[in-house]
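Visitor: Below are the sequence and a predicted model; questions follow.
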Amino acid sequence: MLLLGPDPLGDDPSRWADLPKWAPYAGPGAWNDPDSLEVGNGAATGLTPAEQQSQLTLWAISKAPLLLGVDMTNFDAGDLGMLKNDEVLAVDRDGGRPATPVSQTTQ
């Protein structure tokens, strides 16, 4: 399990241990949902830009819906850059299977 800063994986970081178990059930109409992203609030998230980027990447490889609960008129340049990253969005939208860990022996 990757933990960065105070809580970059949402309200319950232990949910990341559940995502590999959910992977076989993910697909069109049934996507994993680790929670809303903490991206889009600038410094108010309590996360560094690197932590926000890590969280967005983890959501994308999990094929999770990219849900934002923020006022999009307040995005700063860093937020907008992350959320408009075509490569990350393509991974999230590619319709393939979610990523799974090679090993869960270390956390």
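Guide: Nice, thanks for sending it over. Numbering: from 1, shown residues only.

Visitor: can we go C-alpha only for contacts and neighbour counts from here?
Guide: Noted.

Visitor: ok, so what distance separates residue 95 from residue 38?
Guide: When distance is defined by CA to CA, to the nearest Å, residue 95 is 23 Å away from residue 38.

Visitor: which of these two has more neighbours?
Guide: Neighbours per residue (other CA atoms under 10 Å) separate residue 95 from residue 38, with residue 38 holding more: 25 against 12.

Visitor: Would you confirm that the more buried one contacts residue 68?
Guide: Yes. Residue 38 is within contact range of residue 68, at 7.5 Å (criterion: CA atoms under 8 Å).

Visitor: Name the SS class of the residue nearest the centre of the chain, please.
Guide: Geometric centre of the chain, nearest residue: residue 59, 2.4 Å, by CA atoms, centre = their mean. Assigned by DSSP: H, G, I helix; E, B strand; the rest coil, the conformation of residue 59 is helix.

Visitor: who touches it in this structure?
Guide: Applying CA atoms under 8 Å, 6 or more residues apart in numbering to residue 59 gives the contacts 34, 37, 65-66, 92.

Visitor: correct me, but residue 62 touches residue 93?
Guide: No. In this structure residue 62 lies outside contact range of residue 93 using CA under 8 Å: 10.4 Å.
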